[in-house]
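S.K.: I need the structure of the sequence given here:
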Amino acid sequence: MLGTLEVWTGTGRVMVPSVRHQRVLAALLLAPNSVVPVARLVDAVWDDEPPMTATKQIQNCVSVLRERLGRERDLIVTDGPGYQLTIIDDELDAMRFRRGMVMAQQLAAEGSLSRAVDVARDALRLWRGPALDGLDAAALAGPITKLNEQRYSAIEASAEWQLELGEYQAVVEEMGELVALHPLRERMHGQLMVALDGVGRSADALAVFSALRARLVDELGVEPGSALRAQQVRILARTRGEPPSPAPGVPKGSADQAPHQLAAAVARQWTTEVEMRSLNRPEPVPLTWSSTGRPVAAEATLPRRAGERLVFSGDLCDVVAKFRQVRSRQLVVLGDPGAGKSVLAMLFTLGLLADRRDEDPVPVLLPLASWNPHREHLWHWLATKLVEDYPGLGNKAVYGADAATRLVSDRKIVPVLDGLDEIPPALHAAAIDALDRAVADGSPLVVTCRGTEYEQAVTHSGSLLARAAVVEIEPVNAEAAIGFLTARTRVGETRWQPVEERLRRQTDSALARALRTPLMVDLARIAYAHPETDPGELCDTDRFGGPELIEDHLLDAYLPASYAHRPTPPTPHDPPVTPRTYDPPQAERWLGFLARRLQDQQTRDLAWWRLDRMVPRHVAGLYLGLPPALLFAATGWVAAGPAAGLVYGLSFGLAGWLAHTIGERPGPLRVELRFHRTTSRFVRRFLGGAVAGSLLALGWSLSPPIIALLAVVFGLAIAPHVWLDTPIDAGTVTSPASVLRGDRTAALAYTLSFMVCLGPFWGIAFALTNETRFVPVLGGDFDLVLALATGLASALLGRFMLGAAGSVAYGLAGAVVGGQVFPRATSATQAIIAGVMFGLAVGLSVCLARAWGAFTMMCLWLAARGHLPLHLMDFLADAHRRGVLRQVGAAYQFRHVRLQARLAGQPETPPPGPNARCDAG
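M.R.: Residues are numbered from 1 along each chain as shown. Below is the predicted model of the structure:
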């Protein structure tokens, strides 16, 4: 059963008659001795919409299978809402395989490695290829993947035992073939490296590592895991004759790699962010915290000793250890604006990951601003965010269906939720109550929030996190601020001496009150980093009579200091390039425009796919709808003269403007090109496209050879869509650049496919049409049947592009232009030109309806008006490197809400003239 769908009974081999019967039987075999509901069997048989008679057909399939499997005993029994396949252990290879591997693991645990290898190999001989190979049912993908994963894990476990026995050559022979079949499976590569090194082929072992690293970096933009890198170091550094040992840290026999890879991805993501924000130069701003004095915590939430509550306090260095003292593993961190809540959450996440064991849940830091507790349960929102930020988790073929949901529901995640206060104030109380209900079973949780907002929500509603310890970040004391400000000064430098004296002697001065938050202390060091600046001016009480004036001054000085002309470090995996330099006033003008638009939208997320929201909707609609309309007008003009061109242009121009103004564009696709194991889906897509092309051609009364040609064209245009798939690795971290690249790939693929489909079709129909009229009106120049057919086709295209609004708008436009009865083309040249123009018009319409297409056009528009630079993503990435922005998943945010508010509150200056220099490379 494990290799192909073969069933042996007491009467011999049973041939299952059809794919439908095979899928029903496979669904039952994958859940032996368990009731499989009829609804699940329906999903297994029909990937898309099932027919009205689906239940009856399932009953017929079961009846046929019962007959085929024999009547000696009831193998398939009806039980409640579904059917159950009753199996004795030895009757199913999958059960015999699992039982054999359990026995092998027990032998290995007892030290009988040689016997464990023999038992494991006997179990693996039951396999004759991938499980249920060729049975391409989407609903069965998860169980089938799990079954295959068990096989690969068994192979790896057996190889691990062989390495411990010193059977290096046997592992080389087996793993050499397997790594070619699984080019991104790190554990197999690590075992092959150990085996090659064991037989004296150290150079080949290092070559295996180099080849894997090149694939990971080129295809996924990630480095090999720490265990594999450690193995490379050991091979490079080991002395001659030293025996190799298995690399530590690689999970042994793990059937689910998602937590392991997710933990590595989270660590890389926030380590990079820490480096970007220079938090370790040389240390973060000293930050202390203690139990809050606010009436927001429930009793018995803190550790006790001898009946007395312990003092619960600490700093950045021991926050992880103190968190583990909380019995419930639930913590709320409060603080004023700029107090360092986000920094604490970031370093806390990395601290939990630093000594995480394989069985421990993975801490994942996520901003909470997008959660609406009235609309979405916390766990559902969390699973959705996991797939958005780590799109590899959505790959069903690798991790099974709903991998993110399983991680959440199995409590393999520690949610570190930053910014409860960024949810709309009216939702604060509901959010706290929903959080408490979600973690009432004792699930771990960390939440950060501003203290005042949290206290108001708890006081007014009575809702609180009943199990959570609540701590509050304390103000930065004078000595801590002085130590941070002077940590990088040169020997003998006295620039900071007036500030030191003021902070020590006047603890309640305006300067001391301004420098009580890590944000302001950090801004002060950045603003006065240059040796020619004078931080002593902060002590001028005439100029800075209150802490607010000092804070505004530091915020204003931050950008000029950040954009001083000095080299900036590259981002990880980026090729070395000469970074752009930006004029500080110009950069501030662009950032101010972005800040004002974000304030208007009441959001912190600077998402590139929402750039069109930074201009009035009707203006964006006109700008995005006009270019395709001009191409449609040119098509009509070439085909039938100026009048037809005017009808084409106005119809599609109005449709584009209306659809882009009131419609909703799909969000960006997180995809990558992948060709492995796509043959069967490619063939199905090709056949579907061929059928659609044939039907369209028949409607135009074209000849059979032309119909066949168009069928092939449509098939080849539609089929490549199967190569767009979710990333294969859960360690692939979403970033603005990676999401842009993925959606650009998808947009170009869709654009080309529609151009290749509809351009030649329209040109050929124009060249060979019989001028068919079914229900002519307007003197025979317009046909109602043709209008209806074209309108329906255009409505489907419009729905694909811009939802319901696009369906209505483009459906009406298609009906207007499609009902026109053109005379046949007078020459092949005219037909070719018209077909090319039509294909370009449709392709551009599709492209501008994608996130990347609209973003590109809006960049051109806003750059032409001087509001933003032409190379906006380069500018945003540079601002991230300079610490002005921070990266949160696929979006950027200003480093702090105070900076965004300050930039948004400054008067808008007119953009420079068209000849102004925007950037220099």
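S.K.: can you give me the mean pLDDT across stretch 109-118?
M.R.: The average pLDDT within stretch 109-118 is 81.
S.K.: and if you look at stretch 668-679?
M.R.: 67.
S.K.: do stretch 82-90 as well
M.R.: 73.
S.K.: give the buried residues for the helix or strand hosting Thr459.
M.R.: Using DSSP states H and E, Thr459 sits in helix 451-461. By neighbour count on 16 or more other Cβ atoms under 10 Å, the buried set for helix 451-461 is Gly451, Glu453, Tyr454, Glu455, Ala457, Val458. The C-beta positions use only the backbone N, C-alpha and C, and glycine is treated the same way.
S.K.: tell me the one of those nearest Ala828?
M.R.: Nearest to Ala828 among these: Glu453, at 70.7 Å, using Cβ to Cβ.
S.K.: show me the contacts for the nearest residue to that closest one once chain neighbours are set aside.
M.R.: Residue nearest to Glu453 in three dimensions, not counting chain neighbours: Asp421, with 4.3 Å by Cβ to Cβ, 6 or more residues apart in numbering. Taking Cβ atoms under 8 Å, 6 or more residues apart in numbering, we find Asp421 in contact with His428, Cys449, Arg450, Glu453, Tyr454.
S.K.: taking these together, which two end up most distant?
M.R.: His428 and Arg450, at 10.0 Å, using Cβ to Cβ across those.
S.K.: more neighbours, these two?
M.R.: His428 (23 against 20; other Cβ atoms under 10 Å).
S.K.: in the longest helix belonging to the chain, what counts as buried?
M.R.: In the chain, assigned by DSSP state H, the helix with the most residues is helix 784-818. Neighbour counts over helix 784-818 (16+ other Cβ under 10 Å) mark 786-791, 793-795, 797-803, 805-818 as buried.
S.K.: is it true that Gln599 touches Ala901?
M.R.: Yes. Using Cβ atoms under 8 Å as the test, Gln599 is close enough to Ala901 to be in contact (7.0 Å).
S.K.: pLDDT wise, what is Val414 at?
M.R.: 93.
S.K.: so how far is Ala809 from the nearest residue to it once chain neighbours are set aside?
M.R.: Nearest non-adjacent residue to Val414, counting by Cβ to Cβ, 6+ apart: Pro363, 4.2 Å away. Distance from Pro363 to Ala809, counting by Cβ to Cβ, to the nearest Å: 46 Å.
S.K.: repeat for Val647
M.R.: Applying Cβ to Cβ to Val647 and Ala809 gives a distance of 16 Å.
S.K.: do Ala877 as well
M.R.: From Ala877 to Ala809 the distance is 36 Å (Cβ to Cβ).
S.K.: kindly report the same for Ile58.
M.R.: 41 Å.
S.K.: then Phe593?
M.R.: Distance of Phe593 to Ala809, given as Cβ to Cβ: 30 Å.
S.K.: then Leu872?
M.R.: 29 Å.
S.K.: and the strands in the stretch 351-500 of the chain, which stretches?
M.R.: 362-367, 413-418, 445-450, 469-473 (DSSP state E, counting those that start in this stretch).
S.K.: tabulate those (TSV), appending distance to Ser738.
M.R.: What follows is these, written out as TSV (distance: least, Cβ to Cβ, whole Å):
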stretch	distance to Ser738
strand 362-367	17
strand 413-418	21
strand 445-450	26
strand 469-473	33
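S.K.: Asp743 is nearest to which of those strands?
M.R.: Per Cβ to Cβ, nearest to Asp743 of the strands of the stretch 351-500 of the chain: strand 362-367, 21.2 Å.
S.K.: and that closest one, how far out from the chain middle?
M.R.: Its chain's C-alpha centre and that of strand 362-367 lie 14 Å apart, by Cα atoms, centre = their mean, to the nearest Å.
S.K.: check stretch 312-323 too.
M.R.: On Cα atoms, centre = their mean, the centre of stretch 312-323 falls 31 Å from the chain's centre.
S.K.: and stretch 651-660, by the same measure?
M.R.: Relative to its chain's centre, stretch 651-660 lies at 31 Å (Cα atoms, centre = their mean).
S.K.: buried set for stretch 610-620?
M.R.: Those would be Arg610, Leu611, Asp612, Arg613, Met614, Val615, Ala620, for stretch 610-620 by 16+ other Cβ under 10 Å.
S.K.: with adjacent residues omitted, what lies nearest to the fifth one?
M.R.: In this case it means Met614. For Met614, the closest residue by Cβ to Cβ, 6+ apart turns out to be Arg597, at 4.2 Å.
S.K.: the one you found contacts Asp612, doesn't it?
M.R.: No. Contact status for Arg597 versus Asp612: not in contact, 10.9 Å apart, counting by Cβ under 8 Å.
S.K.: Pro584 versus Ala901, what's the distance?
M.R.: 20 Å.
S.K.: mind checking the backbone torsions on Arg544?
M.R.: Wrong residue type there; residue 544 is Phe, not Arg. phi -120, psi 80 (degrees, to the nearest 10).
S.K.: still on that earlier bit, following the longest helix of the chain, which helix or strand comes up?
M.R.: helix 828-849.
S.K.: now the helix or strand that comes right after that following helix, how far from the chain's geometric center?
M.R.: Sequence-wise, the next helix or strand downstream of helix 828-849 (DSSP H and E) is helix 851-864. Taking Cα atoms, centre = their mean, one finds the center of helix 851-864 at 23 Å from the center of the full chain.
S.K.: residues touching helix 851-864, excluding its own?
M.R.: 608-609, 611-612, 614-615, 620, 623-624, 627, 660, 665-669, 740, 743-744, 746-747, 751, 846-848, 868-870, 872, 914, 918.
S.K.: point me to the helix or strand that includes Tyr152.
M.R.: helix 141-165.
S.K.: buried sites along that helix?
M.R.: For helix 141-165, by 16+ other Cβ under 10 Å, it's 141-163.
S.K.: about what we covered before: list buried residues within the contacts of helix 851-864.
M.R.: 608-609, 611-612, 614-615, 620, 623-624, 627, 660, 665, 668-669, 740, 743-744, 746-747, 751, 846-848, 868-869, 872, 918.
S.K.: wait, Pro224 touches Ala211, no?
M.R.: No. Taking contacts as Cβ under 8 Å, Pro224 lies outside contact range of Ala211: 10.8 Å.
S.K.: got any residues that touch both of the two?
M.R.: Shared contacts of Pro224 and Ala211, defined by Cβ under 8 Å, 6+ apart, are absent.
S.K.: comparing the two, which shows the higher neighbour count?
M.R.: Higher neighbour count among Pro224 and Ala211: Pro224, with 20 against 13, using other Cβ under 10 Å.
S.K.: what's the following helix or strand after the strand or helix carrying Asp600?
M.R.: Secondary structure from DSSP H and E places Asp600 in helix 584-601. For helix 584-601, the succeeding helix or strand toward the C-terminus, using DSSP H and E, is helix 617-640.
S.K.: so the helix or strand just after that following helix versus helix 617-640, what angle?
M.R.: Helices and strands here follow DSSP H and E; after helix 617-640, the next one along the chain is helix 642-662. Interaxial angle of helix 642-662 relative to helix 617-640 (axes from the mean of the first three to the mean of the last three Cα atoms, to 10 degrees): 160 degrees.
S.K.: return the distance of stretch 807-814 from the chain's centre.
M.R.: 33 Å.
S.K.: after the helix holding Tyr152 comes which helix or strand?
M.R.: Counting by DSSP H and E, what follows helix 141-165 is helix 168-181.
S.K.: counting contacts, what elements does that following helix pack onto?
M.R.: Helix 168-181 sits against helix 141-165, helix 186-198, with contacts defined as 3 or more Cβ pairs under 8 Å, 6 or more residues apart in numbering; DSSP states H and E.
S.K.: out of these, which comes closest to Asp436?
M.R.: The nearest among the helices and strands packed on helix 168-181, by Cβ to Cβ, is helix 141-165 at 31.9 Å.
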